[in-house]
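Asker: need a 3D model of the following:
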Amino acid sequence: MTYFAAIAIPVEIGAELGSQLGAIRFGSGYRAEHVDRYHVTLAYYGLVEDSELVALKHHLEEAANRSAPFSLRLSSLGTFPNAAVIWAGVKGDVSALRQLRQLVTKSTASIGTASENPGGPVTTFRPHVTVARYAPELIDPNEASSHLRTHVSTEPFRVESFSLYQTVKGEYLTRFTQHLGAHRIPSRDSR
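Answerer: All right, here's what the predicted structure looks like:
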């Protein structure tokens with residue numbers, strides 16, 4: 001089974017974004033992500049042996065304990081043509097998000113079988129929420145880019161936790177099959 005660490009987007013924020021995305025008419029060859037699956041990936045681990053799970057959870061708890069809550073919002077759309085993905089960008093306290101990601105990836109670097117980008121080399125961290133995927137054999141990347149003119153922007157939301165997820169490859173989308181647990185990020189006042 002493959003695993004990744006991610007920040008789940010709150011239900012009300014996902015619904016707000018989903019409502020704004022309703023203006024987009026995704027046609028044949030597109031598949032919109034369901035709003036309850038919206039997340040910002042912090043680290044992708046690939047295959048993780050059962051024997052590595054205890055250490056992985058421990059390292060994630062340590063990363064959470066060294067971080068404090070912060071606020072984000074979702075704004076603008078973009079695309080990764082080489083990955084056939086349409087995404088919503090992340091704004092707000094992105095420096096705190098990058099710091100959390102660094103703590104998560106540094107402490108777990110030796111766990112799993114994959115780099116953070118299973119499709120190629122890791123270049124930069126581009127925080128985003130995948131909102132749709134498209135079949136590259138059916139959709140020209142320029143057509144996918146035409147959806148980017150739709151304006152989206154959500155209310156800010158507080159990030160107080162992140163989770164470790166287990167995935168199983170589906171026919172077209174990855175499905176979350178087991179939520180392993182949230183690792184609470186303590187506020188600066190509670191340290």
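Asker: buried ones in the longest helix belonging to the chain, by neighbour count?
Answerer: The single longest helix within the chain, with elements called by DSSP state H, is helix 50-65. Neighbour counts over helix 50-65 (16 or more other CB atoms under 10 Å) mark 52-53, 56, 59-60, 63-64 as buried. From N, CA and C alone the C-beta is placed, and that goes for glycine too.
Asker: format the residues you listed as JSON lines; extra columns: distance to Leu74.
Answerer: Below are those laid out as JSON lines (distance: CB to CB, whole Å):
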{"residue": "Glu52", "distance to Leu74": "32"}
{"residue": "Leu53", "distance to Leu74": "31"}
{"residue": "Leu56", "distance to Leu74": "28"}
{"residue": "His59", "distance to Leu74": "28"}
{"residue": "Leu60", "distance to Leu74": "24"}
{"residue": "Ala63", "distance to Leu74": "23"}
{"residue": "Ala64", "distance to Leu74": "22"}
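Asker: nearest to Val94 among the residues you listed?
Answerer: Using CB to CB, Ala63 comes nearest to Val94 of the buried residues of helix 50-65, at 17.2 Å.
Asker: re earlier: relative to the whole chain's centre, how far out is the longest helix of the chain?
Answerer: Offset of helix 50-65 from its chain centre (CA atoms, centre = their mean, to the nearest Å): 19 Å.
Asker: name the helices or strands packed onto that helix?
Answerer: Secondary-structure packing of helix 50-65 (3 or more CB pairs under 8 Å, 6 or more residues apart in numbering; DSSP states H and E): helix 94-107, strand 161-169, strand 174-184.
Asker: which residues touch stretch 19-37?
Answerer: 9, 11, 14-15, 17-18, 130-135, 138-139, 147, 150-154, 172-173, 176 (CB atoms under 8 Å, 6 or more residues apart in numbering).
Asker: ends of that stretch, how far apart?
Answerer: From its first residue to its last, stretch 19-37 covers 15 Å (CA to CA, to the nearest Å).
Asker: pull out the buried positions in it.
Answerer: 20-21, 24, 26, 29-30, 32-33, 35, 37.
Asker: repeat for stretch 77-86
Answerer: Neighbour-count burial for stretch 77-86 [16+ other CB under 10 Å]: 77, 79-80, 84-86.
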